[in-house]
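> Model the following, please.
(one chain, ligands or ions: 1)
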Amino acid sequence: MTDSSVCPKCGDTIPERGPTWPFCSKRCSDADLMGWFSGEYCLSRDITEEDFADPAVAQAFAEKLGTLDPYDPRFS
Ligand SMILES: [Zn+2]
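Here you go, the predicted model:
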């Protein structure tokens, strides 16, 4: 574990792996997610089923979807 203790959004050190990992806070996690929605980030290739073969990836994806609120005014 090297980079996993530093928030990829703000660079703060993360003391332990919490619910917002790999980000330091929900604020940074949401800010990163908004980057995807706004088109700031994009995928360099199509997603395939093999991408979800890793249980950790599939679980992280499911957890991220579970945090979305479709009625959040930021998404309208
Ligand atoms: Zn952060």
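> that's a helix at Phe61, yeah?
Yes - under DSSP: H, G, I helix; E, B strand; the rest coil, Phe61 sits within a helix.
> okay, now Thr48: neighbour count?
Close neighbours of Thr48, defined as other CB atoms under 10 Å, add up to 8. Just so you know, the C-beta spots here come from the backbone N, C-alpha and C atoms, and that holds for glycine as well.
> and Glu40, how far is that from Cys24?
Distance from Glu40 to Cys24, counting by CB to CB, to the nearest Å: 19 Å.
> can you check Glu63 too?
Separation of Glu63 from Cys24 (CB to CB): 17 Å.
> what do you get for Pro15?
Plainly put, Pro15 is 9 Å away from Cys24 if you go by CB to CB.
> Compare those two and say which one has the larger neighbour count.
Comparing Pro15 with Cys24 by other CB under 10 Å, the one with more neighbours is Cys24, at 21 against 8.
> Quick check: phi and psi at the more buried one.
phi -80, psi -20 (degrees, to the nearest 10).
> Quick check: closest non-adjacent residue to it.
Cys7 (3.8 Å; CB to CB, 6 or more residues apart in numbering).
> Now do the one you found, the pLDDT please.
Cys7 carries a pLDDT value of 93.
> Same question for Phe75.
61.
> Tell me the residues of the chain that contact the ion?
Contact residues, the chain versus the ion (CB under 5 Å from the ion): 7, 9-10, 12, 24, 28.
> From those residues, list just the buried residues.
Among those, those classed as buried by 16 or more other CB atoms under 10 Å are 7, 9, 24, 28.
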